[in-house]
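**Q** Quick one: sequence plus predicted model below, questions after.
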Amino acid sequence: MATKEEQLGTSKVQSIDRAVLILETLADHSSLGLGELSEKVGLHKATTHRIVHSLIENGFIEQLDETKQYRVSLRMFELGNKRVQNIDFINVAKSNIRQLSEEIKQTVHLVIEDNDEILYIDKYGDYHESKMRSKIGLKAPLYCTAVGKAMLAMRTNNEISAYWENLELEQKTEHTLTNYKHFIEEIEKVREDGYALDDEEFEYGVFCVGSIFSSYKESVAGAISISLPIEEKTNKEHYIRKTCEYAERITQLLGGSLNYLSK
């Protein structure tokens, strides 16, 4: 039989899980009333109200005066932004992707890896906004994005195999690689070339070139990508050169060295 301390610990963990679920649910909507929120998270109204009230007191949720509905505050963004600002490469990388975007007149992204996904932390040049879903704060898979494949190429094949086995694989488009043999062949090509391509693998109508950059601290500090409409990939060699040029420039400024694994 569980002790009182164990029962109390379990109860606290359950409350945290429920609070996270409420935050994630509210984040998917502009605002929700208590009844709607309770229904979506599968909790009793009284339980939902208690957790929401606690989150309001801690600044993570706010209640709208006009409708009395709830929405997430910017507290989570503030906390996440503190982490981003503490990454030493941020100013160097942001300055360079802005310059790259202005030079080529295309959309350029800056990403980091977060729990086996890529996280967009900056973006310049919304030249084709209507064709691209990317935005700061959005997460995307490693396996079907140029930047994600560039990052995976720095792992060993055994590490990639373990990643693939635990993956909830989703066919984003008809071009998404879902066969592991073909995927690892693609990774070997990335290692050989020093960059990765996304040819409508994540979303239709978009072609991307991605490359990692390193720092004196990390072999993979982050990655950059150039994204353009699929019809403009006829000039892909130019964008490949520019992606690699700026990834190398950022690496040099951060005191890093780019060395892809051989296997």
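**A** Cool, got the structure. If you're wondering where the values come from, they're calculated on a predicted model, not measured in any experiment. Residues are numbered from 1 along each chain as shown.

**Q** Identify each buried residue in stretch 33-41, please.
**A** Within stretch 33-41, the residues that count as buried by 16 or more other CB atoms under 10 Å are 34, 37-38, 40-41. All C-beta spots, glycine's among them, are computed from the backbone N, C-alpha and C.

**Q** Against M154, how distant is S219?
**A** S219 sits 6 Å away from M154, taking CB to CB, to the nearest Å as the criterion.

**Q** Just want to know which of the two has more residues nearby.
**A** Using other CB atoms under 10 Å as the criterion, S219 and M154 rank with M154 on top: 21 against 14.

**Q** what about the residue nearest to that one when sequence neighbours are not counted, helix or strand, and which?
**A** Spatially, and ignoring its direct neighbours in sequence, M154 is nearest to V220 (5.0 Å; CB to CB, 6 or more residues apart in numbering). Assigned by DSSP states H and E, V220 falls within no helix or strand.

**Q** OK, contacts around V220?
**A** Shown in contact with V220 (CB atoms under 8 Å, 6 or more residues apart in numbering): 113, 151, 154, 212, 214.

**Q** Let me see the contact set for the residue nearest the centre of the chain.
**A** Most central in the chain under CA atoms, centre = their mean is L119, positioned 1.9 Å from the mean C-alpha point. Contacts here follow CB under 8 Å, 6+ apart; on that basis L119 touches 111-113, 137-139.

**Q** and it, what are its phi and psi?
**A** The phi/psi pair for L119 (degrees, to the nearest 10) reads phi -120, psi 120.

**Q** and R71, what pLDDT?
**A** Here the pLDDT value assigned to R71 is 94.

**Q** which of the buried residues of stretch 33-41 lies closest to V206?
**A** V206 lies nearest to K40 out of those, by CB to CB, at 31.4 Å.

**Q** for the stretch 151-263 of the chain, what spans make up the strands?
**A** Under the criterion DSSP state E, counting those that start in this stretch, the stretch 151-263 of the chain contains strands at 196-199, 206-213, 222-229.

**Q** And those strands: which comes nearest R50?
**A** Nearest to R50, of all the strands of the stretch 151-263 of the chain, is strand 222-229, at 40.2 Å by CB to CB.

**Q** helices or strands up against the closest one?
**A** Packing contacts for strand 222-229, counted by 3 or more CB pairs under 8 Å, 6 or more residues apart in numbering; DSSP states H and E, involve helix 90-104, strand 107-113, helix 146-152, strand 206-213, helix 236-253.

**Q** And the ones you listed: which comes nearest R191?
**A** That would be helix 146-152 among the helices and strands packed on strand 222-229, by CB to CB, at 9.6 Å.

**Q** Tell me where the model's unsure across the stretch 51-200 of the chain.
**A** Scanning the stretch 51-200 of the chain for pLDDT under 70 picks out the ranges 83-88, 127-133.

**Q** right, and K172 touches C144 too?
**A** Yes. Taking CB atoms under 8 Å as the definition, K172 is a contact partner of C144 at 5.3 Å.
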